[in-house]
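Colleague: Need a 3D model of the sequence below.
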Amino acid sequence: MLSPLRVLSRKRVFAFIPTGSRLLRYTSTHARVPPGGSMSSRNRAPSTATSTSPPPRTQSDHASAQKVEPTTAPDSAYWNDQSPATSSSAPGTRPAPEPSDSGLTGKVESVEINLAPGLELRGHMRQVVGAVLDLLQGKVNKQKMERRFWADDAVFEDWASKAVGIVEVDAKWWGLKAIMSDIDMIEHKVISVAPKRVDMEVVNKYSLKALPGVEKEVRSIVSIELDGDDRIKRVCDKWNGKLPEGKISEYFRRAAAISTAKVVNVPEHS
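Modeller: Residues are numbered from 1 along each chain as shown. From the prediction side, this is the model:
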C-alpha cells in the first residue's frame with residue numbers, strides 16, 4: 001500500500017513508493033537552490049560522470065552550428081526524359097539532366113501530354129508530339145520549324161489543304177496562325193505509339209478572324225510520322241477521322257497549299 005504524499009515545502013515534493021529496498025524520490029523542477037551553491041547531494045539524482053562546465057563558444061562554433069545539412073530534392077518525373085540520380089552523384093545533390101539531341105527542350109509549351117492506359121512516350125518523340133500539339137493550336141515559331149526537325153519532303157494534310165515539301169508545310173502552319181483569331185484545344189490523348197509513329201485524338205475549337213463570334217469544334221485523328229533521321233516527315237490531321245477522297249478534292253487541296261505558300265509571310269530560316 002502506497003504511503004501518502006508529504007509536502008515538505010511549497011517547491012519540493014517527495015513521493016515514497018515501496019520498490020523493494022529502493023526509495024524513489026521525485027524532486028520538483030522548481031526546487032530551490034541555496035544562494036551561492038548547488039543543491040545538496042541528497043536532492044540530486046546520482047550521477048556516474050563528473051560534471052564540468054563547457055568551454056565558452058567561439059564565433060566559429062556559432063557559425064558551424066548554423067550550418068544546415070543539404071537535403072536531396074524529391075525525385076520527380078520530367079516530361080523530356082531526365083535521367084535519374086546515379087550513385088556517382090555527390091551526396092545531397094541531383095545531377096543535371098543529360099542533354100536531349102532533339103533540340104526542342106524549352107521551346108515546347110505542351111509539356112503535359114495525355115496518354116491512353118499502357119502507353120509511354122519519352123525523349124525525342126515526346127518533344128515532337130508536344131511541338132505538333134503547339135502547332136495545332138496556332139503556336140508556331142521559328143524554333144519549332146527549324147529544318148533539322150522537318151524532312152525536306154515533309155507533308156501536312158487536313159480536310160482543307162495538302163502541303164508537300166517543307167516550304168509549303170512551313171507556310172501552312174504560319175497561315176493557320178494568321179487566319180485564326182483563337183484555337184482552343186479542348187482535349188487530346190495519345191492513342192497509339194510506335195517507334196516512328198504516334199496517333200492522337202484531338203478536339204479543337206476554331207475561331208476565324210473573318211467570322212467574328214463563329215466557332216467550329218472539330219474532333220480529329222492526328223498522325224505524326226518520323227523518317228530515318230527522326231525528322232518529321234508527315235503530319236495528317238483527319239477531321240472526324242477521315243480525309244477527302246477523289247482527284248477533284250486532291251486538286252483543290254493542293255491548290256490551297258500552293259497559294260498559301262505564295263501569300264503567307266514566313267520568317268527566314270538560317
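Colleague: Regarding the protein, what is its longest helix?
Modeller: Counting residues, the longest helix in the chain under DSSP state H turns out to be helix 247-263.
Colleague: Just the buried positions in that helix, please.
Modeller: Across helix 247-263, burial judged by 16 or more other CB atoms under 10 Å covers 253-254, 256-258, 260-261. (C-beta placed from N, C-alpha, C; glycine too.)
Colleague: farthest-separated two in the residues you listed?
Modeller: With CB to CB as the measure, no two of the buried residues of helix 247-263 lie farther apart than R253 and A261, at 13.3 Å.
Colleague: Common neighbours of those two, please.
Modeller: Shared contacts of R253 and A261 (CB atoms under 8 Å, 6 or more residues apart in numbering): none.
Colleague: remind me which residues of the stretch 51-200 of the chain are low pLDDT?
Modeller: By pLDDT under 70, the low-scoring segments of the stretch 51-200 of the chain are 51-107.
Colleague: need the strands for it, in chain order.
Modeller: Under the criterion DSSP state E, counting those that start in this stretch, strands of the stretch 51-200 of the chain are mapped to 150-157, 162-164, 180-194, 197-208.
Colleague: I'd like to know how many residues surround E201.
Modeller: By other CB atoms under 10 Å, the residues close to E201 number 17.
Colleague: quick revisit: JSON lines for the strands of the stretch 51-200 of the chain, including distance to H269?
Modeller: Formatted as JSON lines, the strands of the stretch 51-200 of the chain follow (distance: least, CB to CB, whole Å):
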{"stretch": "strand 150-157", "distance to H269": "10"}
{"stretch": "strand 162-164", "distance to H269": "16"}
{"stretch": "strand 180-194", "distance to H269": "23"}
{"stretch": "strand 197-208", "distance to H269": "25"}
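Colleague: looking at those strands, which is closest to Q137?
Modeller: Between those, strand 180-194 lies closest to Q137; by CB to CB that is 4.8 Å.
Colleague: quick one: buried residues of that closest one?
Modeller: 180, 185, 188, 190, 193.
Colleague: ok, the third one to L208 distance?
Modeller: When you say that, I think you mean H188. Note on H188: its distance to L208, by CB to CB, to the nearest Å, is 21 Å.
Colleague: Equivalent analysis for the last one, please.
Modeller: In this structure, V193 lies at 33 Å from L208, with CB to CB as the measure.
Colleague: What of the fourth one?
Modeller: Noted for V190: a distance of 28 Å to L208, by CB to CB.
Colleague: Also the second one?
Modeller: Going from M185 to L208 by CB to CB gives 16 Å.
Colleague: next one: L243
Modeller: As judged by CB to CB, L243 and L208 stand 21 Å apart.
Colleague: and what of I166?
Modeller: Going from I166 to L208 by CB to CB gives 26 Å.
Colleague: neighbour-wise, which of the two wins?
Modeller: I166 (21 against 14).
Colleague: wouldn't the more buried one be in contact with A151 here?
Modeller: Yes - assessed by CB atoms under 8 Å, I166 is found in contact with A151 at 7.2 Å.
Colleague: Tell me, how many residues neighbour W150?
Modeller: As a burial measure, W150 scores 20 neighbours (other CB under 10 Å).
Colleague: Quick one, which of the strands of the stretch 51-200 of the chain gets closest to N141.
Modeller: Nearest to N141 among the strands of the stretch 51-200 of the chain is strand 150-157 (13.5 Å), distances taken as CB to CB.
Colleague: which ones are touching the closest residue to D199 other than its chain neighbours?
Modeller: Closest residue to D199 apart from its sequence neighbours, by CB to CB, 6 or more residues apart in numbering: S192 at 3.9 Å. Taking CB under 8 Å, 6+ apart, we find S192 in contact with 116, 119, 198-199.
Colleague: ok, which pair from these is furthest apart?
Modeller: Using CB to CB, the two most remote members of the contacts of S192 are A116 and V198, lying 11.2 Å apart.
Colleague: Overlap in contacts, these two.
Modeller: Joint contacts of A116 and V198 (CB under 8 Å, 6+ apart) are 190, 192.
Colleague: Comparing the two, which residue is more hemmed in?
Modeller: Of the pair A116 and V198, V198 is the one with more neighbours under other CB under 10 Å, namely 23 against 13.
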